[in-house]
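Participant: A structural model of the following input is requested.
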Amino acid sequence: MLQEQDSVIVRNMKSEVSRVPDLERELKRLREENAFLRETRENSSLLKEEVEGLRKKVERLEQAREDLLNMELQREKLVANLQAWENLGQNTGLNIRKPEDLSREVIDIQQREINFKQQNYTLTSSSGQNSDFYKKEIEQNRRCLGRNRVKSSICLESYIKHSEQYQDHDPIMQGCLPSNPWITDDSQYWSMNSDMVAMPTRLRVERWGFSFMELLNDPMGLRELMTYLEKEFSAENLCFWQACEDVRHGETSKINSKVDEVYKQFLAPGASRWVNIDSKTMEKTLIGIKRAHRFVLDDAQLHIYFLMKKDSYPRYLKSDLYKNLLAKAIVPQETKKSVFPFMRRQRHSSPSPAMVSHAGDDDGKEKAPGVQQQSQA
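Facilitator: Numbering: from 1, shown residues only. Reported below is the predicted structural model:
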């Protein structure tokens, strides 16, 4: 068994030994190929450098050829310009003999071109302004044509109605009762028509029925309306209107605090005096409150104003409170005048400057003859 293994090993070794010459030949061949490849690589790099050098040389030659061509074209242009220069004086009729003459003429032409452009711009701008002006005029006339016009008869009729309605309340047309404080010393008219009195005059109460704004503009009328609405348990609308007026006409430094107070008292959910405003107006008002200013509550105030004008105001005019006040209102009696008013001088009155000047002139005229007589004597 061992002998067989040894024999196998010996045979393998002999076969390996027999392959040694072949391996040496293969190694020699590989060394030769390696040397060949090294030489080939070196030759290839040299060839690449040579090719790169030739390519750059060709580029330089092409650039030189292109420059030469450009120089030839430039020379032709210069020749053409020279010929044009020689013929310029003859063709244009200008006295051009030197380059300075040409520069002077060019500057003159440029100046004339600038002047022409300015004139053209002026004409264009004026025409543009005129067109804009006439366009605005046309647009304004179109708006005027589309506007609703009131006939003069209807307009005059409304003026007549207004004049007839306010005729009894005009102190110039009907006089003042009990007397005119502008020409007398009696101030009873001012006392009877002050903001707050125990009992107003009949003319004052009648005027409340002309319009809702007449009632609101009178402090006493506003107080009487508040009294009526409190009895009806519907005074929150009028309170809200007054609060909006306070915000609109109040101090600028207190606008934010007043707007917050109005929101908490009248607009917030569950407020103590919540007012009924439509959703669109409420949404717009709540957005504006975030950046409060004195006109932020105008839409809500106008909405409440029309509600009171359509509902609260007619009910107040039909109420017993207004009717009783109208029945008990004072009708002042006219103050008796003196039989001979020219015999009585008004107190605290001063003569007119015109009368004083005329009196002075008359005195001077009367004194003048006396002075002349004395001078003659």
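Participant: now do stretch 256-273: distance to the chain's middle.
Facilitator: 30 Å (C-alpha atoms, centre = their mean, to the nearest Å).
Participant: to clarify, my last question referred to stretch 50-65.
Facilitator: That offset, for stretch 50-65, works out to 70 Å (C-alpha atoms, centre = their mean).
Participant: got it, and stretch 134-153?
Facilitator: Distance, centroid of stretch 134-153 to centroid of chain: 25 Å (C-alpha atoms, centre = their mean).
Participant: same check, this time on stretch 209-217
Facilitator: 35 Å.
Participant: ok, residues contacting that stretch?
Facilitator: 165-166, 207-208, 221-222, 225, 241, 305, 308-309, 313, 316-317 (C-beta atoms under 8 Å, 6 or more residues apart in numbering). Quick note: C-beta positions are derived from backbone N, CA and C, even for glycine.
Participant: okay, those residues in TSV with neighbour count, secondary structure and distance to Arg11 next?
Facilitator: Below are the contacts of stretch 209-217 laid out as TSV (neighbours: other C-beta atoms under 10 Å; DSSP: H, G, I helix; E, B strand; the rest coil; distance: C-beta to C-beta, whole Å):
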residue	neighbour count	secondary structure	distance to Arg11
Gln165	13	helix	148
Tyr166	13	helix	149
Arg207	20	helix	147
Trp208	25	helix	144
Gly221	22	helix	142
Leu222	17	helix	138
Leu225	24	helix	138
Trp241	21	helix	129
Tyr305	19	helix	128
Met308	22	helix	131
Lys309	15	helix	133
Tyr313	20	helix	137
Tyr316	22	helix	140
Leu317	14	helix	143
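Participant: turn the residues you listed into JSON lines, including distance to Phe116 and pLDDT.
Facilitator: Below are the contacts of stretch 209-217 laid out as JSON lines (distance: C-beta to C-beta, whole Å; pLDDT from 0 to 100):
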{"residue": "Gln165", "distance to Phe116": "70", "pLDDT": "86"}
{"residue": "Tyr166", "distance to Phe116": "69", "pLDDT": "86"}
{"residue": "Arg207", "distance to Phe116": "73", "pLDDT": "91"}
{"residue": "Trp208", "distance to Phe116": "75", "pLDDT": "93"}
{"residue": "Gly221", "distance to Phe116": "75", "pLDDT": "94"}
{"residue": "Leu222", "distance to Phe116": "73", "pLDDT": "94"}
{"residue": "Leu225", "distance to Phe116": "76", "pLDDT": "94"}
{"residue": "Trp241", "distance to Phe116": "68", "pLDDT": "94"}
{"residue": "Tyr305", "distance to Phe116": "65", "pLDDT": "95"}
{"residue": "Met308", "distance to Phe116": "71", "pLDDT": "94"}
{"residue": "Lys309", "distance to Phe116": "68", "pLDDT": "94"}
{"residue": "Tyr313", "distance to Phe116": "73", "pLDDT": "94"}
{"residue": "Tyr316", "distance to Phe116": "78", "pLDDT": "94"}
{"residue": "Leu317", "distance to Phe116": "78", "pLDDT": "94"}
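Participant: what's the helix or strand harbouring Ser15 packed up against?
Facilitator: Assessed by DSSP states H and E, Ser15 sits inside helix 2-18. Counting contacts by 3 or more C-beta pairs under 8 Å, 6 or more residues apart in numbering; DSSP states H and E, helix 2-18 is packed against no other helix or strand.
Participant: what angle separates the following helix or strand past it from helix 2-18?
Facilitator: Next along the chain after helix 2-18, taking DSSP H and E as the criterion, comes helix 20-92. Angle of helix 20-92 versus helix 2-18, following axes from the mean of the first three to the mean of the last three C-alpha atoms, to 10 degrees, is 40 degrees.
Participant: helix or strand right after helix 20-92?
Facilitator: Downstream of helix 20-92 (by DSSP H and E), the next one is helix 99-146.
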